[in-house]
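Chemist: The following comprises the amino acid sequence and a computationally predicted model.
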Amino acid sequence: MNYGTLSFNQNVRIEFSSFGAKRSNQECHAVFHVSLDNADFNTQLCNLHSAYEKFVKKTKMVAVFKRYFLSDIENQINPLKSALGQLPFCAVSIVQQPPLNGTKIALWVWFLSKAEDIGIPVQNNSLFGFQHNGYKHYLATEMYETTGNSEQQTDQILINYEEQLQQVECSLKDNCVRTWLFVSDIDNNYSGVVKARKNNFTLHNLTEKTHYIASTGIAGRHANPKTTLLFDAYAIDGLSQEQIQFLYASENMSSTYDYGVTFERGVCIKYGDRNHIYISGTASIDNKGKVLHEGDILKQSDRMIENVRALLHEANSGFDDLAQIIVYLRDTADYKIVNEKMEKEFPGIPKIITLAPICRPAWLVEMECIAIKEATNNNFEEM
């Protein structure tokens, strides 16, 4: 993995990772940070998109997925949506999770050099599809409901997602490899999300005896205050079962099912030339499902990093393969400590730290990440 930083001007700093310089399909993950000096949201947004366009022109890469992190989504969504209309279409996720560096907006983008059929939405724009080398990729973003409680909304969203997957000859069980569940008022609404997901998964034979899906369940808000859950997901058509490896790190962490939730700790997707490793939201937990180091942000950060290391190791990978990191904090007062820790442990790796309480109040910090490992899997097509 190669890392770099770009600043086309003093207003935006871009951290990026790149993989596959000698491969047919290169990819890049980039995080765009705006300057603290730009207090006005419209100014920050304009500067961010100006840097984005220059980055695309310089790298000649194509964006297939973006996630915007906003500080005040109700006031910021309309100017952002208006600005997005001026950019090439791709899968766009928008969530209120304030960047903790003090700015109003941050952006994470996944770029590829080859991805055919970009810009063709599938089924009411909830799914965005692209393909290359026989693999079809479907990104679902901003799926939500506005009626009912968190359990009812989660149930309906999962029903809608399954229906959309079926329309492209896919299914939740066989094709979905990663989900994100952004829950408003997570301390009160998460239990309903967990119950609905478990019930829905059981209907699709997603159980502790089969498998679940790598996932992050974290606090986050949609612009509509009636929405308790905002849902993003990633599915792939064209994989064989041999290309999917679920990650457990059971010496470090318990099964999620042991404490009533239903997701995988991570998943490794094996292509002919590389492995994509998606690490779910990971916190300071032991192999009995217990929160470790309650009240100690540094020790929780250490255990969190240790757990991520164990998951990556299970996929024959390590921190040198990381493409990006997202860190979630419950308390803004912990930002300085955690930021210094992450910069020391992961220098140069694109990362964002946001305000997003975790599903258990005792967890002060959580991280998710993506790694890309060079591999030679002769039985599979390249990515």
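Modeler: Done, it's in. Numbers count the residues shown, from 1 in each chain.
Chemist: so what's the closest residue to N11 other than its chain neighbours scoring on pLDDT?
Modeler: Leaving aside its sequence neighbours, N11 sits nearest to N47 (CB to CB, 6 or more residues apart in numbering; 3.9 Å). Bear in mind the C-beta positions are built from the backbone N, C-alpha and C, glycine included. Note on N47: pLDDT of 95.
Chemist: could you list every residue that touches N47?
Modeler: For N47, the contact set (CB atoms under 8 Å, 6 or more residues apart in numbering) comprises 9, 11-12, 34-35, 38.
Chemist: Where does it sit: helix, strand or coil?
Modeler: For N47, the secondary structure call by DSSP: H, G, I helix; E, B strand; the rest coil comes out as helix.
Chemist: rewinding a little: can you turn the buried part of the contacts of N47 into a ChimeraX selection?
Modeler: The buried residues among these can be selected in ChimeraX (16 or more other CB atoms under 10 Å) with this line:
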select :11,12,34,35,38
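Chemist: Report the separation between the residue nearest to N11 and R67.
Modeler: Computed as CB to CB, to the nearest Å, the N47 to R67 distance reads 18 Å.
Chemist: likewise P357?
Modeler: As judged by CB to CB, P357 and R67 stand 18 Å apart.
Chemist: N160 now?
Modeler: On the measure of CB to CB, N160 and R67 end up 20 Å apart.
Chemist: Between these two, point out the one with more neighbours.
Modeler: Each of N160 and R67 has its neighbours counted (other CB atoms under 10 Å); R67 has more, 21 against 18.
Chemist: element containing that one?
Modeler: Assigned by DSSP states H and E, R67 falls within strand 62-70.
Chemist: list the buried ones in the very next helix or strand once past that strand?
Modeler: Once strand 62-70 ends, the next helix or strand along the chain (criterion: DSSP H and E) is helix 73-84. Within helix 73-84, the residues scored as buried using 16+ other CB under 10 Å are 73, 76-77, 80, 84.
Chemist: Then stretch 341-349?
Modeler: Neighbour-count burial for stretch 341-349 flags 341-342, 346, 349 (criterion: 16+ other CB under 10 Å).
Chemist: With stretch 243-254 instead?
Modeler: By 16+ other CB under 10 Å, the buried positions in stretch 243-254 come out as 243-249, 252-254.
Chemist: How about stretch 316-329?
Modeler: Buried, per 16+ other CB under 10 Å, within stretch 316-329: 317, 319, 321-329.
Chemist: and if you look at stretch 212-227?
Modeler: For stretch 212-227, the neighbour count (16+ other CB under 10 Å) marks 212-223, 227 as buried.
Chemist: same question, stretch 268-277
Modeler: In stretch 268-277, counting by 16+ other CB under 10 Å, buried: 268-271, 273-277.
Chemist: Next step: the residues you listed restricted to strands.
Modeler: Using DSSP state E, the subset of those located in strands is 268-270, 274-277.
Chemist: Tell me the one of the residues you listed nearest E374?
Modeler: When these are compared for distance to E374 (CB to CB), R274 wins out at 5.8 Å.
Chemist: Spatially, what comes nearest to the spatially most central residue of the chain if we skip its sequence neighbours?
Modeler: Computing the C-alpha centroid of the chain and ranking residues by CA atoms, centre = their mean puts W180 first, at 6.3 Å. What sits nearest to W180 in space, not counting adjacent residues and going by CB to CB, 6+ apart, is D232, at 4.3 Å.
Chemist: where's the closest residue to F8 other than its chain neighbours, which helix or strand?
Modeler: Closest residue to F8 apart from its sequence neighbours, by CB to CB, 6+ apart: K54 at 4.7 Å. Assigned by DSSP H and E, K54 falls within helix 41-59.
Chemist: which parts of that helix are buried?
Modeler: By neighbour count on 16+ other CB under 10 Å, the buried set for helix 41-59 is 41, 44-49, 51-52, 55-56, 59.
Chemist: is it true that E314 touches A249?
Modeler: Yes: contact criterion CB atoms under 8 Å: E314 and A249 qualify, at 5.7 Å.
Chemist: Going toward the C-terminus from the helix or strand of the chain with the lowest mean pLDDT, what's the next helix or strand?
Modeler: The weakest-scoring helix or strand in the chain, judged by mean pLDDT, DSSP states H and E, is strand 121-122 (a mean of 55). Sequence-wise, the next helix or strand downstream of strand 121-122 (DSSP H and E) is strand 127-132.
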